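Participant: Sequence first, predicted coordinates after that:
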Amino acid sequence: LLISVSLIFLNIKLSSNLIVFFPYNYYFYIFLILFFTQISIGVRWYLLTNFYNKKIKILEAINFGFRFSSFGSLTFTGGSDIYKFFNSEKLKINLSEMSSVIIIEKISSFSSIILMILIGIILNLGDLEKTNFIIFVLVVLFFLLLTVLSNMKRIPYVNLINFSFQKIKKNLLINKNFTIMILLVSFLTQILSLLLYFIFFSYFTEITFKSLLLIIPLSNLIISISFFTFNGVGIRELAFILFSGLTLISQDISFIVALNASFLITFYMIISYLIANKILFSNNKT
């Protein structure tokens with residue numbers, strides 16, 4: 001439905017020509033970046049969960065990172081978090097601890113996206129009107145986040161997990177190296193996302209890396225807070241059309257890039273989920 005809205009907005013017809021067959025080396029680079037992105041997510045998961053259960057091994061955490069990230073991509077926004085809850089007993093982490101880890105994950109991801117957008121604004125100050133608009137949106141989001149955080153204690157379940165959350169939050173505030181590692185890993189995932197789309201765009205047109213520092217983080221932000229799509233399909237296309245003016249690239253090319261990205265990411269995540277589960281089951285048998 002969302003892709004159809006994008007097509008109507010662009011006044012172009014859906015056809016097989018919109019799906020591009022890239023050279024083999026493009027597929028290699030795209031899948032390699034997605035692979036390292038999932039490893040980064042698994043490493044962050046290991047660092048956070050190891051705070052509650054030091055028996056979790058890093059390879060197990062990385063395997064779990066592959067599974068919950070691919071499951072979330074193939075279902076809907078928040079699907080990865082539900083997958084984590086269903087597997088909390090196997091990880092020997094109670095629900096309040098699991099919730100605390102997820103909250104820290106969300107905060108670190110959100111912070112890295114905002115930081116990336118701010119860097120993009122600084123490097124792309126040419127259009128003052130668009131820059132002011134983005135800054136305004138970020139300020140609104142910041143105060144909205146503060147409002148939500150200040151009223152979280154009114155939610156019954158938040159009070160239930162408060163002890164576990166305060167425990168890990170205190171450690172993050174005291175142990176600066178631990179906090180920096182979490183933020184760096186989250187920032188690395190955003191860098192990898194930029195590299196991924198830079199490869200996609202470079203196939204169709206010449207583009208500078210810094211110009212993507214606005215369109216990609218902004219699109220990732222919208223995808224992360226959308227609850228009615230899987231793998232960002234539809235939302236990614238609409239976001240690329242909306243922000244195409246920031247890159248001085250036509251809406252048609254931006255849409256085609258987003259559509260092919262959605263297709264290849266979904267294809268990769270299916271393979272990733274099947275392989276990660278197969279490795280898990282084979283390890284359990286041994």
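Facilitator: Now that the structure is in, tell me what you want to look at.
Participant: Number of residues surrounding Ile180?
Facilitator: 11 (other C-beta atoms under 10 Å). Where you see a C-beta, it was placed from the backbone N, CA and C, and this is true even at glycine.
Participant: dump the residue contacts of it.
Facilitator: Under the criterion of C-beta atoms under 8 Å, 6 or more residues apart in numbering, Ile180 has no neighbours.
Participant: Which of the helices or strands spans it?
Facilitator: helix 176-204 (DSSP states H and E).
Participant: and the very next helix or strand once past that helix, what does it pack onto?
Facilitator: Using DSSP H and E, the next helix or strand after helix 176-204 towards the C-terminus is helix 212-224. Secondary-structure packing of helix 212-224 (3 or more C-beta pairs under 8 Å, 6 or more residues apart in numbering; DSSP states H and E): helix 95-123, helix 176-204, helix 235-243.
Participant: quick one: contacts for Lys92?
Facilitator: Asn53, Lys55, Ile56.
Participant: again, but for Ile216
Facilitator: Here Ile216 is in contact with Met116, Ser193, Leu194, Tyr197 (C-beta under 8 Å, 6+ apart).
Participant: about what we covered before: now do the helix holding Ile180 and helix 235-243, the angle between them.
Facilitator: Compare the direction of helix 176-204 with that of helix 235-243 by axes from the mean of the first three to the mean of the last three C-alpha atoms, to 10 degrees and you get 80 degrees.
Participant: Make a ChimeraX selection of the buried ones in the contacts of Lys92.
Facilitator: Buried members of the contacts of Lys92, defined by 16 or more other C-beta atoms under 10 Å, are picked up in ChimeraX with:
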select :56
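Participant: Let me know the closest of the contacts of Lys92 to Ile235.
Facilitator: Using C-beta to C-beta, Ile56 comes nearest to Ile235 of the contacts of Lys92, at 32.8 Å.
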